[in-house]
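Visitor: just need the structure, nothing else, for what follows:
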Amino acid sequence: MLTAKGKYGLKAVAHLAGLKPAAMAQATDISEANNIPKKFLDAILGELRNAGIVYSRKGRGGGYRLARSADEIRLGQVVRALDGPIAPIACARRTSYQPCHDCGDVRRCKVRLAMTKVRDAMSDILDTTTVADMLLLGETRRPKAGRKRTA
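Guide: This is a model prediction of the structure:
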């Protein structure tokens, strides 16, 4: 499940992707524009920096920007950097698998089998969708200049 940290991280990355190339954004500006608590955002940006997703520079003219172009960063990278494995339950993880204490037969557990399908579907979308793709979601097509829109 996506946590608040993961959601805010995606918002911050989308904000940075919307900047002009090489432009930097202050954490305060990202926080205010996206309704993210500043202290929480500072921690999130630090984790994203450590994961190589954002670049930061201190001092005058400093701030944050994406470390790579938005079409090179997958949503799965952001979510995993902040929230860890994608699987909704620990026994459905590919990495850091943890068996359930109440499960008698892991190979036949219907809940685990269903949750591995959920994990695979989520991973498929998150690992094929880039930050650039995310920016296009919800965009409406506008008519070209000179053309009238018909109902």
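Visitor: least confident secondary structure element in the chain?
Guide: helix 110-128 (a mean of 90; mean pLDDT, DSSP states H and E).
Visitor: in that helix, what's buried?
Guide: Under the neighbour-count criterion of 16 or more other Cβ atoms under 10 Å, helix 110-128 has 112, 115, 116, 119, 122, 123, 126 buried. Every C-beta, even on glycine, is put in place using the N, C-alpha and C of the backbone.
Visitor: could I have the CA atoms of the helix or strand containing residue 78 written out in PDB?
Guide: Using DSSP states H and E, residue 78 sits in helix 75-83. Extracted as PDB, the C-alpha positions of helix 75-83 are listed here (Å, rounded to 0.1, in the frame of the first residue of the first chain):
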ATOM      1  CA  LEU A  75       7.500   5.500 -10.400                       C
ATOM      2  CA  GLY A  76       8.500   2.100  -8.900                       C
ATOM      3  CA  GLN A  77      12.000   3.500  -8.100                       C
ATOM      4  CA  VAL A  78      10.400   6.400  -6.200                       C
ATOM      5  CA  VAL A  79       7.900   4.200  -4.300                       C
ATOM      6  CA  ARG A  80      10.500   1.600  -3.400                       C
ATOM      7  CA  ALA A  81      13.000   4.200  -2.300                       C
ATOM      8  CA  LEU A  82      10.500   5.600   0.200                       C
ATOM      9  CA  ASP A  83       8.100   2.800   1.100                       C
END
